[in-house]
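*Asks:* how does the following fold in three dimensions:
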Amino acid sequence: MELLAKLLADEARLEKKIRETRAALTLIQKRVSECMAHHYIAMKQPRILMPEDLMREEQSYERLLQALQDMKSEITKQIRPVEEQIIQANVEHLRQSFGEESQRLAKCLDEIDDNILACRQYLQDYDRIRSGLQSLNEKLAQLGADSLQIADGLPTTDLGEIIRERIDHLRSQGKI
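*Replies:* Residues are numbered from 1 along each chain as shown. Model prediction:
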């Protein structure tokens, strides 16, 4: 990215220099043309003869302008492939980052699934432990002791419904 910024800055600086040089050459060309016009006006001859030196000078300025344009085109031609390589490298980096983040996202879903499946195991443990507590209460009753309070059983065996009820319970307690 830094290389692209540097290349673009260099290209902008080059463009500015070319504009400045073109403006200077255009000004010089204008002065040459004005000089030629003044020369012809001063001659007051019906037939205009253009001095060879002035014509050559004007042609050399035009060649300089064309050379500047050619230089600009050549530099642009060389910069474009580098810009394209930088852009392609940036695209590849973004795609790689996207792939890594997609894998992390999939891993999150896998862990959510694992936790849901673990909930099923905890619900089975809950039922088993509750059943064991009922057995202990029955033994206490057989020995003539008062039964102890056991947590209520779950109202359903549907895993989705139980998870929704537990989420509602946690919300009512302000935990989520």
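*Asks:* what strand or helix carries G144?
*Replies:* Assessed by DSSP states H and E, G144 sits outside every helix and strand.
*Asks:* okay, now it: neighbour count?
*Replies:* Number of residues near G144 (other Cβ atoms under 10 Å) recorded here: 6. Where C-beta positions appear, they are placed from N, C-alpha and C, glycine not excepted.
*Asks:* need phi/psi at it.
*Replies:* Phi and psi for G144, reported as degrees, to the nearest 10, are phi 90, psi 10.
*Asks:* from L133, how far out is it?
*Replies:* 19 Å (Cβ to Cβ, to the nearest Å).
*Asks:* repeat for P81
*Replies:* 77 Å.
*Asks:* and R95, by the same measure?
*Replies:* For R95, the distance to L133 - Cβ to Cβ - is 56 Å.
*Asks:* same check, this time on N90
*Replies:* Here the criterion is Cβ to Cβ. By it, N90 lies 63 Å from L133.
*Asks:* more neighbours: P81 and L133, which one.
*Replies:* Neighbours of P81 and L133, each counted by other Cβ under 10 Å, are more numerous for L133; the result is 15 against 9.
*Asks:* which secondary structure state does the more buried one sit in?
*Replies:* Here L133 takes the helix state, with states given by DSSP: H, G, I helix; E, B strand; the rest coil.
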